[in-house]
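**Q** Provided below are the primary sequence and the corresponding predicted coordinates.
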Amino acid sequence: MAPENTLVAFQNAVQLWGADMLEMDVQMTRDGEVVVIHDETVDRTTDGTGPIRDLTLAELQEMDAGYRFKDPEGNPSFRGTGVTIPLFEDVLLSLPNTRMNVEAKDGRSAPALVEIILKHSAQDRVLVAAEFEKNRQAVKGYPGPWGASREDLHQYLMATYLPWGGKRPLACDVLQIPEKHRGIPLLNQRVLQRAHALNLPIHVWTVDDTE
């Protein structure tokens, strides 16, 4: 185990656990750098405070991204070990044979994210995802794989359950779907069979319960 969204966590997942695909979130710093972090602020995962968009890369990398992490025994085992919030480009280059599912958490980061992917000819192994379509609107036409946003999912569910839901094809390559929505299970035979008939792979997110 290692602190979330850090280079050491990604390297451990691939090299120790044999993961063949990684999921991560990116946001943009004040000075235009694409960094890997889920939250809008650094407060939950580092010893710093403040929104990512208001901080420079240099300021972020002075923070301890292992500060709040605790191992299964409750020990802060990565505190003070030099773990920082990584640049997306560093993660991409450090694991050159690994597929990645990357979510743009804000509209500012999407163009720079795609620029980095294309710069390193990594579009065949990096899926661009977004929970909300507005966050990646600026990079429509990305030549690599495209995940389903909430808007795509709503369209898919309407077409699956409602006779008037329409037959317009989904503008995505992968159906990314939560296990439940507002407590209602979405993974069922009807949803799965239609996805398979459309040759849509399914990625399930927010699987938090052991069972």
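**A** Arrived safely.
**Q** and residue 5, how many neighbours does it have?
**A** When counting by other CB atoms under 10 Å, one arrives at 22 neighbours for residue 5. (C-beta placed from N, C-alpha, C; glycine too.)
**Q** what sits against the residue nearest to it when sequence neighbours are not counted?
**A** Counting by CB to CB, 6 or more residues apart in numbering, residue 36 is the residue found nearest to residue 5 once chain neighbours are left out, at 4.9 Å. By CB atoms under 8 Å, 6 or more residues apart in numbering, the contact list for residue 36 reads 5-6, 24-26, 85-88, 91.
**Q** quick one: pLDDT of residue 36?
**A** Residue 36 is assigned 98 on the pLDDT scale.
**Q** What are the phi and psi values at it?
**A** The phi/psi pair for residue 36 (degrees, to the nearest 10) reads phi -100, psi 110.
**Q** Quick check: buried residues in stretch 127-147?
**A** Within stretch 127-147, the residues that count as buried by 16 or more other CB atoms under 10 Å are 127-131, 135-136, 139, 142, 144-147.
**Q** actually stretch 178-196, not the one I wrote
**A** Buried residues in stretch 178-196, counted by 16+ other CB under 10 Å: 178, 186, 191, 194-195.
**Q** could you give me the average pLDDT of that stretch?
**A** On average, stretch 178-196 scores 85.
**Q** if we can go back for a sec, for residue 201, state which of the contacts of residue 36 is nearest.
**A** Here the nearest of the contacts of residue 36 to residue 201, counting by CB to CB, is residue 24; it sits at 18.4 Å.
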